[in-house]
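S.K.: using only what follows, build the 3D model:
(one chain, ligands or ions: 2)
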Amino acid sequence: EVFTSMAHLEATLYAERDIGLTLRKHVQKERERLNKLEKLAGDYEQHSRKALADPNYYLGNPVNAFLLIKRFTLDWDKEVLPILGNNSWQDLNEELQYARQDLPNYEDLSGAATALMRLQDTYHLDTTQIAHGNLGGVSSSTLSDDECFELGRLSYNEDDFYHTALWMEEAMDRLGKDEDEEQEKRAELLDYLSFSYYKQGYTKHALVLTKELLAIDPSHERASNNKRYFEDTLRKQGVSITDYHERPSIKRQVDEYRESQEFQTYEAMCRGEGKQKVKDADKLRCRYIHNNDPTLLLQPVKEEQMSFDPWLVIYHDVLSDREMNDIKLLATPKLNRATVQNSKTGELETANYRISKSAWLKATDHPTVAKINDRIEAVTKLELDTAEELQIANYGMGGHYEPHFDFARKEEKDAFKSLGTGNRIATFLIYMSDVEAGGATVFPYIGLKLHPKKGAAAFWYNLYKSGDGIYNTRHAACPVLVGVKWVANKWIHERGQEFRRPCSISPDE
Ligand SMILES: O=C(O)CCC(=O)C(=O)O
Ligand SMILES: [Fe+2]
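M.R.: Ligands and ions are numbered 1, 2, ... in the order given. Below is the predicted model:
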């Protein structure tokens, strides 16, 4: 018995050795995992420290914003979850899950990509330039081939084959020529590219790309089928498939409205092309006004004429930084944004999480709002409907507002009915931020472009005294290219103006 026991124990000795080895391997693996986690923690700390030094500046850059969202969606799922996926990390996971609620999701990611594409279109930004970190003269992060590929894939998911092709070509240009490890990437790009060209009507180019793909991966079944299909299609069309041919330059897909003269003019004005000067520009003046109002007598307001027809002026410094801060903070909880302290100025600033959308908010019942209302009444000599809220907009990346009137047209029966206090007689549009690039308010019919200036307000009438709409007040907000744009809008209604701006039968007053 002793003998067998000893033999048994000897086996135990071997087992012990193996357990030691296994444990060591496990520890080694865990150590690697911990190293990765430590590096990750360091990355996050370093990145957030840099970005939080000036969040508006950082997030105001759409490429940074896109990359930040990508970090917490695609990169998170691909790179972070595999390291975290361990039950012993339950507690940590819960905490991360909690923080995760404030993080952007895949909807934000596709919104950010769409916004980037819009900026690219409106401002005629070259793909290579964006990828190299040049946003129309403002520098930004550069994009890797994988990031270009992701932008292509996100466009593909939106059936936007024009941008798919642009960004996949960009990713392709960045691949090394003959390196084997990149062949797989190249094959995937060719797959997307051939389909995108085909969808745009360039069957011949789609065929060329499919052949390239088959040269890399002869067993690619779909590519083989596509090749046969493309060849059949071309044969039926009587197109030679052997002729030399160049990569076609594909065109942006636009709907009818985007093709219209109005939209083209709007975008050209945003870029700074086309008509950029109002009639009688040399006769425009600046002056101080007080309207005999006691508050303004003490502190007159600077009025700058911008256009005579339609009448449009800018009032400078109508709101103080303090007031604008109040308004933004009022709006902030509703936006579900975090409030952070600017490390340079110490000022509270709103960090804009859902950056892909512009949000409209209403601010009422606050002493600052009441004070602003009084000031607007004094400056415009019009009566405000106090129940009418101050509308606040925070435009995020690519945030814009396409050409529109601020007044309701007679044909718009429903819009009229909902305007209980009458049509919008005038607009008082306050700029609550400077915008680094883009974000101008343009009036395409009169060649007027207003660049947001923090604290200044634009004021114009939307209606003649007859009540008829002034159609050349049509205006639009250009996409924000770089920076964050805040505006507050006060619409002034017909009701209450009977004595301040009496009706007239003359249509031109
Ligand atoms: O944000 C702008 O520049 C214009 C906004 C606007 O036109 C509006 O809110 O009606
Ligand atoms: Fe407007």
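
S.K.: for the protein, which residues are neighbours of ligand 1?
M.R.: By Cβ under 6 Å from any ligand atom, the residues of the chain that approach ligand 1 are Tyr401, Asp406, Leu429, Thr441, His475, Ala477, Val487, Asn489. Placement of C-beta: from N, CA and C, glycine included.

S.K.: do that again at 5 Å, thanks
M.R.: Contacts of the chain with ligand 1, taken as Cβ under 5 Å from any ligand atom, map to Thr441, Ala477, Val487, Asn489.

S.K.: what about the closest residue to ligand 1 within the stretch 151-300 of the chain, how many neighbours?
M.R.: For the stretch 151-300 of the chain, the residue closest to ligand 1 is Cys270, as judged by Cβ to the nearest ligand atom, at 11.1 Å. By other Cβ atoms under 10 Å, 23 other residues sit near Cys270.

S.K.: on the three-state scheme, the residue nearest the centre of the chain is what?
M.R.: The structure's the chain has its C-alpha centroid closest to Met397; by Cα atoms, centre = their mean the separation is 2.4 Å. Following DSSP: H, G, I helix; E, B strand; the rest coil, the label given to Met397 is coil.

S.K.: can you pull out the helices in the stretch 151-300 of the chain?
M.R.: For the stretch 151-300 of the chain, the helices defined by DSSP state H, counting those that start in this stretch occupy 161-173, 183-199, 203-216, 221-237, 256-259, 261-271, 294-298.

S.K.: pick the most buried one from those.
M.R.: Ranked by mean neighbour count, those are led by helix 161-173 with a mean of 23 (mean count of other Cβ atoms under 10 Å).

S.K.: pull that helix out as CSV, backbone CA atoms only.
M.R.: The C-alpha coordinates for helix 161-173 follow below in CSV (Å, rounded to 0.1, in the frame of the first residue of the first chain):
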residue,chain,number,x,y,z
PHE,A,161,-21.9,55.9,-52.1
TYR,A,162,-20.3,59.1,-53.1
HIS,A,163,-18.6,59.6,-49.8
THR,A,164,-18.0,55.9,-49.4
ALA,A,165,-15.9,56.1,-52.6
LEU,A,166,-14.1,59.3,-51.5
TRP,A,167,-13.0,57.9,-48.2
MET,A,168,-12.3,54.3,-49.3
GLU,A,169,-10.0,55.8,-52.0
GLU,A,170,-8.3,57.8,-49.4
ALA,A,171,-7.8,54.8,-47.2
MET,A,172,-6.5,52.9,-50.3
ASP,A,173,-4.0,55.7,-51.1
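
S.K.: so what touches it?
M.R.: Helix 161-173 has contacts (Cβ atoms under 8 Å, 6 or more residues apart in numbering) with 117, 120, 127-128, 131, 145-146, 148-149, 151-153, 155-156, 185-186, 189, 192-193, 195-197, 199-200, 250-253.

S.K.: how about 6 Å then?
M.R.: Defining contact as Cβ atoms under 6 Å, 6 or more residues apart in numbering, one finds that helix 161-173 is touched by 117, 127, 131, 145, 148-149, 151-152, 155-156, 189, 192-193, 196, 199-200, 250, 252-253.

S.K.: report pLDDT for the spatially closest residue to the residue nearest to the centre of the chain that is not a sequence neighbour.
M.R.: Nearest in space to Met397, with sequence neighbours left out and distances taken as Cβ to Cβ, 6 or more residues apart in numbering, is Pro62 at 4.2 Å. Looking at Pro62, its pLDDT reads 91.

S.K.: is the residue nearest to the centre of the chain in contact with Asn64, as I believe?
M.R.: No: judged on Cβ atoms under 6 Å, Met397 makes no contact with Asn64 at a distance of 9.3 Å.

S.K.: one step back: how much space separates the residue nearest to the centre of the chain from Glu150?
M.R.: According to Cβ to Cβ, to the nearest Å, Met397 and Glu150 sit 16 Å apart.

S.K.: next, count neighbours for the residue in the stretch 101-250 of the chain that ligand 1 sits nearest to.
M.R.: Residue of the stretch 101-250 of the chain nearest ligand 1, by Cβ to the nearest ligand atom: Thr122 (14.4 Å). Using other Cβ under 10 Å, Thr122 is surrounded by 19 other residues.

S.K.: and what of Asn61?
M.R.: Using other Cβ under 10 Å, Asn61 has 23 other residues around it.

S.K.: which one is the residue of the stretch 151-300 of the chain closest to ligand 1 nearest to, not counting chain neighbours?
M.R.: Excluding the flanking residues, the one nearest Cys270 by Cβ to Cβ, 6+ apart is Cys478, at 3.6 Å.

S.K.: what residues are up against the residue of the stretch 101-250 of the chain closest to ligand 1?
M.R.: Residues in contact with Thr122 (Cβ under 6 Å, 6+ apart) are Glu267, Cys270, Pro479.

S.K.: who are the contact partners of the last one?
M.R.: With contacts taken as Cβ under 6 Å, 6+ apart, Pro479 has the following neighbours: Arg118, Leu119, Thr122, Gly398, His400, Gly438.

S.K.: mind putting those residues in JSON lines, pLDDT and secondary structure included?
M.R.: Formatted as JSON lines, the contacts of Pro479 follow (pLDDT from 0 to 100; DSSP: H, G, I helix; E, B strand; the rest coil):
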{"residue": "Arg118", "pLDDT": "93", "secondary structure": "helix"}
{"residue": "Leu119", "pLDDT": "95", "secondary structure": "helix"}
{"residue": "Thr122", "pLDDT": "95", "secondary structure": "helix"}
{"residue": "Gly398", "pLDDT": "88", "secondary structure": "coil"}
{"residue": "His400", "pLDDT": "90", "secondary structure": "coil"}
{"residue": "Gly438", "pLDDT": "95", "secondary structure": "strand"}
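
S.K.: check those and tell me the two furthest apart.
M.R.: Arg118 and Gly438 (10.5 Å; Cβ to Cβ).

S.K.: more neighbours: which of the two?
M.R.: The neighbour comparison of Arg118 against Gly438 (other Cβ under 10 Å) goes to Gly438, with 28 against 17.

S.K.: was I right about that one contacting Val480?
M.R.: Yes: if you go by Cβ under 6 Å, Gly438 and Val480 touch, sitting 5.0 Å apart.

S.K.: how confident was the prediction at Gln183?
M.R.: Value for Gln183, per-residue pLDDT: 89.

S.K.: meant to ask about Tyr244, not that
M.R.: Reported pLDDT at Tyr244 in the predicted model: 68.

S.K.: do the same with the one 4 residues further on
M.R.: The predicted local confidence for Pro248 comes out at a pLDDT of 83.

S.K.: residues in contact with it?
M.R.: Residues counted as contacts of Pro248 (Cβ under 6 Å, 6+ apart) are Tyr202, His205.

S.K.: one step back: Ser48: which of the helices of the stretch 151-300 of the chain is closest?
M.R.: helix 161-173 (27.7 Å).

S.K.: who are the packing partners of the helix or strand containing Lys328?
M.R.: Under the criterion of DSSP states H and E, Lys328 resides in helix 321-335. Packed against helix 321-335 by the contact rule (3 or more Cβ pairs under 6 Å, 6 or more residues apart in numbering; DSSP states H and E) you find strand 359-363.

S.K.: could you give the mean pLDDT of the helix ranked longest in the chain?
M.R.: Looking across the chain with DSSP state H, the single longest helix is helix 2-52. Averaged across helix 2-52, the pLDDT comes to 91.

S.K.: and it, how far out from the chain middle?
M.R.: 45 Å (Cα atoms, centre = their mean, to the nearest Å).

S.K.: go on, stretch 56-76?
M.R.: 11 Å.

S.K.: please identify the buried residues of it?
M.R.: Of all the residues in stretch 56-76, those buried under the rule 16 or more other Cβ atoms under 10 Å are 56-74, 76.

S.K.: from the residues you listed, which land in helices?
M.R.: Among the buried residues of stretch 56-76, DSSP H puts 56-59, 62-71, 74 in helices.

S.K.: what residue ranges in the stretch 401-509 of the chain score low on pLDDT?
M.R.: 413-420, 496, 498-499, 502-509 (pLDDT under 70).
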